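**Student:** Quick one, structure for this:
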Amino acid sequence: MRKKLEYAGFSQDAIDFAMKKAIRVGVIDDVRYAECLVRSNALAGKGMEFVKKEIQSLGLYIEDLDAYQEYIQNGEDAQIDAALNLLIQHPSRAKDKRSAATRKLLNKGYSMSIASRAVAIWCDRL
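**Tutor:** Numbering: from 1, shown residues only. Now for the predicted structure:
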């Protein structure tokens, strides 16, 4: 939000005032934003690697979020299933299907371990 206000040409004093007031009244809440980010990425079938970096940039720990704990409780199998569904719905047309599928999952935010396992299952089904 601060960057958007700077881009719009507001002075630093005006930005500081607006940010403090927005935080005080609950309009801006980094924890609420982080929880929403985790849930939306999980529902979209995306991994959490990029989300972790975004949340870390806010000065928060992803492990402290309820949404992330729910995601973890669903288990690694649920993450692999989501990655596998992505590969099934959007198969690669590349010659080296394994590498292309791995890159696709890494670009969607899956960890290397999840991507590798999902790609192995997907390749076995080809």
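
**Student:** Please make it C-alpha for all contacts and neighbour counts, starting now.
**Tutor:** Noted.

**Student:** So for the lowest-mean-pLDDT helix or strand in the chain, what gets flagged as buried?
**Tutor:** Lowest by mean pLDDT, DSSP states H and E among the helices and strands of the chain is helix 2-7, with a mean of 89. Buried positions in helix 2-7, judged by neighbour count with 16 or more other CA atoms under 10 Å: L5.

**Student:** Give me the next element, helix or strand, following it.
**Tutor:** Using DSSP states H and E, the next helix or strand after helix 2-7 towards the C-terminus is helix 12-25.

**Student:** what bits of the protein have low per-residue confidence?
**Tutor:** Within the chain, no stretch has pLDDT under 70.

**Student:** if I pick the residue positioned nearest the centre of it, what's in contact with it?
**Tutor:** Nearest to the mean C-alpha position of the chain, counting by CA atoms, centre = their mean, stands V51 at 3.4 Å. The contact partners of V51, by CA atoms under 8 Å, 6 or more residues apart in numbering, come to L37, V38, N41, G109.

**Student:** and with 10 Å instead?
**Tutor:** A34, L37, V38, N41, S57, I62, G109 (CA atoms under 10 Å, 6 or more residues apart in numbering).
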